[in-house]
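Chemist: here are the coordinates; sequence isn't available:
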């Protein structure tokens, strides 16, 4: 029952983020560049839930974005699925308690997502290769996502640990037992 409530709340959060992306941040942007809250959401799910759940949410949210925003189906889905997969690897290797570590993870996830999306759009959608413009947009989006990570992470950390406790349980094994 608790897992169902968690999944419903994550779906509602996804819809809320879509509303924020399409409405609020279209007015509040920097040089025409909006933050990508979906990358932060999938990173958050992958960090606190299981690797499978992070990947599945990444694929589903990516498919939703492909159908609503994309020109080719699969570009956003592959990119966000990879972010969900990598977030679980980040979880195993780094601490979620350090705000600096979370900021670096957010920057890394944004750079990986945008670079992979740009590459896939270049290969499959025949977009023009404009590296200088891409680097400018990437830098602004990284700064925007970094600021939102700093603001939102303390609010989401408590909910994240609740999700982690529910999905992963208390499976801490010490070295001596």
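Modeler: Everything's here; your move. Nothing here was measured: the structure is a model prediction, and the numbers come from that model. Numbering: from 1, shown residues only.
Chemist: which regions of this structure sit below the pLDDT cut-off?
Modeler: Where the chain drops to pLDDT under 70, the residues are 170-177.
Chemist: Spatially central residue in it, please.
Modeler: Central residue of the chain (Cα atoms, centre = their mean): residue 39, 2.3 Å from the mean position.
Chemist: So that one belongs to a strand, correct?
Modeler: No - using DSSP: H, G, I helix; E, B strand; the rest coil, the assignment for residue 39 is helix, not a strand.
Chemist: which residues in this protein form helices?
Modeler: For the chain, the helices defined by DSSP state H cover 2-19, 25-27, 37-48, 51-68, 75-93, 99-124, 131-168.
Chemist: Give me whichever of these is most buried.
Modeler: Most buried of the helices of the chain by mean neighbour count (mean count of other Cβ atoms under 10 Å) is helix 37-48; its value is a mean of 26. (C-beta placed from N, C-alpha, C; glycine too.)
Chemist: which secondary structure elements does it contact?
Modeler: Contact partners of helix 37-48 among helices and strands, from 3 or more Cβ pairs under 8 Å, 6 or more residues apart in numbering; DSSP states H and E: helix 2-19, helix 51-68, helix 75-93, helix 99-124, helix 131-168.
Chemist: and the angle for the fourth one with helix 75-93?
Modeler: For the pair helix 99-124 and helix 75-93, the angle between their directions (axes from the mean of the first three to the mean of the last three Cα atoms, to 10 degrees) equals 150 degrees.
Chemist: got the angle for helix 99-124 vs helix 37-48?
Modeler: Per the same axes, to 10 degrees, the angle that helix 99-124 makes with helix 37-48 is 120 degrees.
Chemist: The last one now?
Modeler: Orientation check (the same axes, to 10 degrees): helix 131-168 against helix 37-48 gives 40 degrees.
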